[in-house]
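Novice: Turn this into a structure:
(one chain, ligands or ions: 2)
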Amino acid sequence: MNTEQPTFRSGFVSIIGRPNVGKSTLLNRILGQKIAIASPKPQTTRNRILGIHNLDDGQILFLDTPGIHRATGKLNRYMVDQAMAACADVDVVLFLIEATDRPGGGDDFILDVLSRSSVPVILVINKIDQVAPEALLPLIEIYAQKRDFAAIIPISGLKGRGVDALVKATYDLLPPGPRYYPEDMVTDLPERFIVAEMVREQILKQVRDEVPYGVAVVVESFTEKPDKDLVVIAAAILVEREPHKKIILGKGGEKIRAIGKAARVDIERMLGTRVYLELFVKVQKNWTESDKLLKEFGYE
Ligand code: GDP
Ligand code: MG
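Specialist: Residues are numbered from 1 along each chain as shown. Ligands and ions are numbered 1, 2, ... in the order given. Next up is the predicted model:
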């Protein structure tokens, strides 16, 4: 009779790849809830996000890297920095590309950096819902020649296809280790931070033009009323200029109401309670340039 306990495995896993390739969407899908904001606009994820995936026999700690890149000219540099940071002190790297990609460009920079590290890399071909199955094989062949990947796994983070196989392959590469974080934790980020990010996500989605990039969201109060199954949240949306305030408010306040309504749905789902969300807009000149303010808002 085999009485041995199954091995408990744990470790850190970086998710890297070009902005917009689907890193945050994948992380949210794996965790089964939204912690990393995802949007069609690049440079959505400003901070490193830790997603904790708890299993009976393991704990996988996913790191979603920020997608900041202001100037396209700096994108390659950014990709190199991102890849270097992502390889340090992790057990596995998930390198995301898109099924519609033609190899080359920025992705080669990442491959180059990865080739200098001994960390196992899984090539994740995302967005397979956008291509015919036959399109995958040539892509796989090209990438397989570039490097010895620990695995090559096609997925659709959006639809969930292939994600279980990816999690399994990732788990198999982890060393035996402890449960680093309590089992009921999904992220190391405070709830206030996620709430602010959910509001910011709706601003990115619902406000066009360049305004959203100069926007920060700060949760000013967060009050639990357990007897009423309610959380009351007040959050300030900081903008740099007066005209931006008008845009966020919208005609008769309809824009900010729509932002608040959509964000509330996400926040209620995350917290599992009813939420009363009060949003207001403040003009705070040059907050994006002030180091002190940036730190205060958690943007390191
Ligand atoms: P990130 O910048 O790498 O974190 O990318 P996001 O997760 O923010 O995703 C960027 C955009 O790609 C969003 O509009 C997502 O909805 C979309 N996206 C992500 N995964 C998939 C996928 O598997 N299929 C399709 N069709 N779209 C996806
Ligand atoms: Mg992202």
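
Novice: near ligand 1, which residues of the stretch 101-250 of the chain?
Specialist: 126, 127, 129, 130, 156, 157, 158 (C-beta under 6 Å from any ligand atom). Using the backbone N, CA and C atoms, a C-beta is placed for each residue, glycine as well.

Novice: what's the burial count for the fourth one?
Specialist: Spelled out, that is residue 130. 12 (other C-beta atoms under 10 Å).

Novice: That one contacts residue 100, doesn't it?
Specialist: Yes. Taking C-beta atoms under 8 Å as the definition, residue 130 is a contact partner of residue 100 at 5.6 Å.

Novice: which residues does residue 173 contact?
Specialist: 91, 92, 120, 122, 150 (C-beta atoms under 8 Å, 6 or more residues apart in numbering).

Novice: Among the residues of the stretch 101-250 of the chain next to ligand 1, name the buried ones.
Specialist: Neighbour-count burial (16 or more other C-beta atoms under 10 Å) applied to those gives 126, 127, 156, 157, 158.

Novice: Can I take it that residue 233 is in a strand?
Specialist: Yes. Assessed by DSSP: H, G, I helix; E, B strand; the rest coil, residue 233 belongs to a strand.

Novice: So the nearest residue to residue 60 once chain neighbours are set aside: helix, strand or coil?
Specialist: Leaving out its chain neighbours, the residue that sits closest to residue 60 by C-beta to C-beta, 6 or more residues apart in numbering is residue 53, at 4.3 Å. Classification of residue 53 using three-state DSSP returns strand.

Novice: Report the contact partners of residue 53.
Specialist: Here residue 53 is in contact with 30, 31, 59, 60, 61, 62, 167 (C-beta under 8 Å, 6+ apart).

Novice: Recalculate using a threshold of 7 Å.
Specialist: Going by C-beta atoms under 7 Å, 6 or more residues apart in numbering, residue 53 touches 30, 31, 60, 62.

Novice: Dump the contacts of residue 173 to a markdown table, plus pLDDT, distance to residue 222 and neighbour count.
Specialist: Listed next are the contacts of residue 173 as a markdown table, based on pLDDT from 0 to 100; distance: C-beta to C-beta, whole Å; neighbours: other C-beta atoms under 10 Å:
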| residue | pLDDT | distance to residue 222 | neighbour count |
| --- | --- | --- | --- |
| 91 | 95 | 34 | 19 |
| 92 | 96 | 35 | 24 |
| 120 | 94 | 40 | 19 |
| 122 | 97 | 37 | 19 |
| 150 | 97 | 41 | 17 |
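
Novice: and this structure, what are its domains?
Specialist: 9-173, 191-296 (automatic domain parsing).

Novice: most tightly surrounded among these?
Specialist: The highest mean neighbour count among those, using mean count of other C-beta atoms under 10 Å, belongs to domain 9-173: a mean of 18.

Novice: so how far is that one from its chain's centroid?
Specialist: 11 Å (C-alpha atoms, centre = their mean, to the nearest Å).

Novice: What is the end-to-end distance of it?
Specialist: 9 Å (C-alpha to C-alpha, to the nearest Å).

Novice: residues touching the residue lying closest to residue 14 once chain neighbours are set aside, list them.
Specialist: Leaving out its chain neighbours, the residue that sits closest to residue 14 by C-beta to C-beta, 6+ apart is residue 86, at 3.6 Å. Contact partners of residue 86, counting by C-beta under 7 Å, 6+ apart, are 14, 16, 65, 93.

Novice: again with residue 150
Specialist: Counting by C-beta under 7 Å, 6+ apart, residue 150 has contacts 120, 121, 122, 173.

Novice: How much space separates the residue nearest to it when sequence neighbours are not counted from ligand 1?
Specialist: Nearest non-adjacent residue to residue 150, counting by C-beta to C-beta, 6+ apart: residue 120, 3.9 Å away. From residue 120 across to ligand 1, the span is 21 Å (C-beta to the nearest ligand atom, to the nearest Å).

Novice: again with residue 18
Specialist: Taken as C-beta to the nearest ligand atom, the span from residue 18 to ligand 1 is 7 Å.

Novice: Was I right to think residue 97 contacts residue 110?
Specialist: No. Counting by C-beta atoms under 7 Å, residue 97 stays clear of residue 110, with 9.2 Å between them.

Novice: can you put the contacts of residue 173 in TSV and add secondary structure and distance to residue 255?
Specialist: Output for these, formatted as TSV (DSSP: H, G, I helix; E, B strand; the rest coil; distance: C-beta to C-beta, whole Å):
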residue	secondary structure	distance to residue 255
91	coil	44
92	strand	42
120	coil	46
122	strand	41
150	coil	46
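
Novice: and of these, the nearest to residue 254?
Specialist: residue 122 (44.9 Å; C-beta to C-beta).

Novice: can you map out the helices along the stretch 151-300 of the chain?
Specialist: 163-172, 191-206, 242-249, 254-271, 291-296 (DSSP state H, counting those that start in this stretch).
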